[in-house]
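*Asks:* all I have is the shape, not the residue letters:
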């Protein structure tokens, strides 16, 4: 395949016999590698030319070193604090300084007179607040904004001078300095000839420098543009046409050189796919079918798709060269350090620093991070104990007890993490020590991750030692999070071997026979540029600074240049509109469809395989039947029976397999804890009164004891929990209100002279045995009835419910309906009635009722089981209980039938 670099070298070799004094300048580091490959193919013997990227070239002319964005931010803050009497804190400063530095960089790259443009912006703002009547009122915010804009030029000048004095700078500064020094550079390099290869959109500084070099007859420049675009005034050729018409060099020289490759026959497939993941999976299918991927490029227009792409490459792709960096925020290890920060940030937030205790969730998350979990053998024991004892805050002393048996070096490092930190340097040292320890217990891939984070934290420590701008951990954490979004982990590999996986900008100068382009959607290609800037759009236009118009032209060039020499091209775009991207295909793809009408177009979608949900079924073997016999001996409670009716599989898991819910730390009082407290308080209040009649004085005295009793029982049930503030305090008050309202209800009853209310029993354990046809052993039924009382000669079996119960939950048309979940509460209270009458040999001489007090529906009073007869009745007769227990025996018969399987109810609510 004939490439641009190959054609360029062929042309250079026509006039160049030796490369001793030749300097070649290219747009990127990647292009340098491919140029060297072409040179080796064309030159057997001889010295290679000096090959530089544009960044290296500019640094050489400017005689300054380009620093990274982090160091630049620190250097800027140093200048800023020397200017301002009351400077912003570093964390506030960093929120706006990066935008200012971006503007400074752009102004320098385009050689804008900064004094003029900042005066222009200042005058615009002054005009905005000008009023004929002088009635414009400035708020403090507006005043601060105007003051800030007026100081921008001072910030720029001081920063520029400061950086130049240290011979360091950002990219734009190096460009401006290069323009000042280019004449001297040319004078010092008279013997050299220069070739500029593969450039397109130049900034003003590059235009100035290139034209200076072109004044030398030994300099040449090679553009990569196809005639199809150049001759038709296409957006892709906007910049090259501009240079050809404006540069003095082209008054006497022809442009080098216009190719004619786009018009050649090509296999182009334009594929729409629903969602980004479908695009990536389809790419995997293409690569799996393609055995020859040596001259192939997989280009991601949306570089955030890199992690999912790497996980979707097929097995036949043995070699892949990745030109993009892997974002640090997407590396699993980043979570460990985030959790480490969170330990202390939550501690500060909850004012627990002096006690040096840590929120249990943060401790568990840290210990269960895979990097820690694999080296501590008893993490599960620790987390179980924390949950069992309901420990909301874990002290460093408690952790020391937990870690008593682990290896001494690890123990020292882990315990040092949980000690009070003296300074930010001390905190960073702890992280660095942890990384160094983990390196000895990790695989090679994880060690690469650890090394990258080691350099990040060492860098932060160096800056802190030099500048001391991180005043607290919160500032450090915010800066670290910003750093994660910008920093990447670079891949190492053979750049000329295998599949080339790259972003759009990395394709400059390079040509591939097979191209797969992913995410070719509007707002991605071209990108939706909404860059933050303090320079208004109209001011940018006035001073010739690039706007979205120029950036659209840059993307048009990259898109069409990528495919102009390719033979097999697959372009994928997302057809689904969602919050993560547009569903409209890129305008460049639409233009391509016009330029190449024979493109194949189709829409793909993942194959959806529907599976019929089959309910689980578990047969009753001998082990299960033996366990059921044990349950029959121990006793079946009303709640166990309704649990079986609700979903047999749940009953199987809880009662046969004896699987319990995992213990968890109860931060907020759970509903079952609230219910237990209310039951226990009522039991303690009423138990001393068994056998007596209630009166108003007794009930009023109960109310006075109420708060203390509720506190007592919350202390028992809600271990180590705090009920003094927040949601727990509200739940405490709810419990208090529940019981208080219930006692008020009782007072209303006993206030009436005709009412006599006698307490018979509270929280009484009841049991009886029954014989069921087909089962050759007795079945024990047991349960604890909340209360039995007698009101005006009627015996009442009462169940307390802290949830809401309606009368419809207790209305029975016939016993066959009891299986319905809405009537399960009726089953419970009727079983209590059966247990009571059987165990007490009740003679039914007095009327019997069974029902519920619902604390969320107390206004309804006592909700009794109602039999929907004519007329409806709440009286439970011996005959009704016989019919009821016959229905219950049917359920038990089903439960103990060896031929009946435990079958899952797919419609069960839980």
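*Replies:* Right, received. Where do you want to start? The shown structure was predicted, so the numbers you read here are calculated from the model rather than taken from an experiment.
*Asks:* just give me the neighbour total for residue 86.
*Replies:* 4 (other C-beta atoms under 10 Å). For glycine as for every other residue, the C-beta is placed from the backbone atoms N, C-alpha and C.
*Asks:* correction: the previous question concerned residue 606.
*Replies:* Per other C-beta under 10 Å, the neighbour tally for residue 606 reads 12.
*Asks:* not counting its neighbours along the chain, what's nearest it?
*Replies:* residue 278 (5.5 Å; C-beta to C-beta, 6 or more residues apart in numbering).
*Asks:* can I assume the one you found is in contact with residue 604?
*Replies:* Yes. With contacts counted by C-beta atoms under 8 Å, residue 278 reaches residue 604, the gap being 6.8 Å.
*Asks:* neighbour count for those two, which is higher?
*Replies:* residue 278 (19 against 16).
*Asks:* is the more buried one within a helix or a strand, and which one?
*Replies:* helix 276-289 (DSSP states H and E).
*Asks:* kindly report the same for residue 484.
*Replies:* Using DSSP H and E, residue 484 falls in helix 473-486.
*Asks:* and for residue 79?
*Replies:* Per DSSP H and E: helix 69-83 holds residue 79.
*Asks:* which other helices and strands does that helix contact?
*Replies:* If you count contacts as 3 or more C-beta pairs under 8 Å, 6 or more residues apart in numbering; DSSP states H and E, helix 69-83 packs onto helix 90-109, helix 140-165, helix 444-467.
*Asks:* highest mean neighbour count out of those helices?
*Replies:* Mean neighbour count, computed with mean count of other C-beta atoms under 10 Å, is highest for helix 90-109 among these, reaching a mean of 19.
*Asks:* and the angle from the next helix-or-strand element following that one to helix 90-109?
*Replies:* Per DSSP H and E, the first helix or strand lying C-terminal to helix 90-109 is helix 114-128. Here helix 114-128 runs at an angle of 120 degrees relative to helix 90-109 (axes from the mean of the first three to the mean of the last three C-alpha atoms, to 10 degrees).
*Asks:* export the helices and strands packed on helix 69-83 as TSV, with columns for distance to residue 807 and mean pLDDT.
*Replies:* Shown next, in TSV, are these (distance: least, C-beta to C-beta, whole Å; pLDDT from 0 to 100):
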stretch	distance to residue 807	mean pLDDT
helix 90-109	60	93
helix 140-165	60	90
helix 444-467	63	90
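*Asks:* buried ones in the helix holding residue 278?
*Replies:* Residues 276, 278, 279, 280, 282, 283, 284, 286, 287 are the ones in helix 276-289 that count as buried (16 or more other C-beta atoms under 10 Å).
*Asks:* contact partners for residue 333?
*Replies:* 371, 446, 449, 450, 453 (C-beta atoms under 8 Å, 6 or more residues apart in numbering).
*Asks:* hmm, I typed the wrong one, I wanted residue 448.
*Replies:* The neighbours of residue 448, taking C-beta under 8 Å, 6+ apart as the test, are residue 489.
*Asks:* any idea how far residue 364 is from it?
*Replies:* As judged by C-beta to C-beta, to the nearest Å, residue 448 and residue 364 stand 28 Å apart.
*Asks:* residue 290 now?
*Replies:* Between residue 290 and residue 364 the computed distance is 47 Å (C-beta to C-beta).
*Asks:* could you do residue 61 as well?
*Replies:* 57 Å.
*Asks:* over to residue 444?
*Replies:* Relative to residue 364, residue 444 is positioned 29 Å away (C-beta to C-beta).
*Asks:* now do residue 850
*Replies:* According to C-beta to C-beta, residue 850 and residue 364 sit 45 Å apart.
*Asks:* more neighbours: which of these two?
*Replies:* Neighbours around residue 850 and residue 364, counted as other C-beta under 10 Å, are more numerous at residue 850. The numbers are 26 against 18.
*Asks:* quick one: residues contacting that one.
*Replies:* 796, 797, 798, 829, 830, 832, 833, 864, 865, 876.
*Asks:* doesn't residue 851 make contact with the last one?
*Replies:* Read it as residue 876. No. With contacts counted by C-beta under 8 Å, residue 876 stays clear of residue 851, the gap being 9.9 Å.
*Asks:* any residues in contact with both of the two?
*Replies:* Residues touching both residue 876 and residue 851 (C-beta under 8 Å, 6+ apart) are residue 865.
*Asks:* so where's this protein shaky on pLDDT?
*Replies:* 131-136, 291-292, 529-531, 578-582, 909-910 (pLDDT under 70).
*Asks:* residue 703 - nearest residue in space that isn't next to it in sequence?
*Replies:* Excluding the flanking residues, the one nearest residue 703 by C-beta to C-beta, 6+ apart is residue 743, at 5.5 Å.
*Asks:* got the contact list for residue 897?
*Replies:* 620, 774.
*Asks:* what do you get if the cut-off is 7 Å, keeping everything else the same?
*Replies:* If a contact means C-beta atoms under 7 Å, 6 or more residues apart in numbering, then residue 897 has no contacts.
*Asks:* where's it relative to residue 889, distance?
*Replies:* Using C-beta to C-beta, residue 897 is found at 12 Å from residue 889.
*Asks:* over to residue 18?
*Replies:* 107 Å.
*Asks:* cool, residue 765 as well?
*Replies:* Using C-beta to C-beta, residue 765 is found at 22 Å from residue 889.
*Asks:* what about these two, which has more around it?
*Replies:* Comparing residue 765 with residue 889 by other C-beta under 10 Å, the one with more neighbours is residue 889, at 17 against 12.
*Asks:* what sits closest to that one if chain neighbours are left out?
*Replies:* residue 772 (4.9 Å).
*Asks:* mind checking the SS state of that neighbour?
*Replies:* coil (DSSP: H, G, I helix; E, B strand; the rest coil).
*Asks:* ok, it - contacts?
*Replies:* Applying C-beta under 7 Å, 6+ apart, we find residue 772 in contact with 779, 889, 892, 893.
*Asks:* show the buried residues in these.
*Replies:* Judged by 16+ other C-beta under 10 Å, buried ones among these: 779, 889, 892.
*Asks:* of the residues you listed, which belong to helices?
*Replies:* Among these, the members found in helices (DSSP state H) are 889, 892.
*Asks:* turn the buried ones among the contacts of residue 772 into TSV, columns for distance to residue 689.
*Replies:* Formatted as TSV, those follow (distance: C-beta to C-beta, whole Å):
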residue	distance to residue 689
779	35
889	37
892	36
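*Asks:* now do the SS call for residue 264.
*Replies:* coil.
*Asks:* count residues in the vicinity of it, would you?
*Replies:* Residue 264 has 10 neighbours, counted by other C-beta under 10 Å.
*Asks:* now the helices for the stretch 751-900 of the chain?
*Replies:* Under the criterion DSSP state H, counting those that start in this stretch, the stretch 751-900 of the chain contains helices at 824-839, 878-896.
*Asks:* whoops, the stretch 201-350 of the chain was the one
*Replies:* Ranges of helices within the stretch 201-350 of the chain are 204-214, 227-230, 238-246, 276-289, 306-310, 334-349, based on DSSP H, counting those that start in this stretch.
*Asks:* tell me which stretches of the stretch 451-600 of the chain form strands.
*Replies:* 488-489, 499-503, 514-518, 568-574, 600-604 (DSSP state E, counting those that start in this stretch).
*Asks:* closest to residue 101 out of the ones you listed?
*Replies:* Of all those, strand 488-489 sits nearest to residue 101, with 19.6 Å by C-beta to C-beta.
*Asks:* pairing partners for the closest one, with directions?
*Replies:* Applying DSSP bridges, strand 488-489 is found paired with strand 326-327 (antiparallel).
*Asks:* any idea how far the strand it pairs with is from the chain center?
*Replies:* On the basis of C-alpha atoms, centre = their mean, to the nearest Å, strand 326-327 sits 15 Å off its chain's mean C-alpha point.
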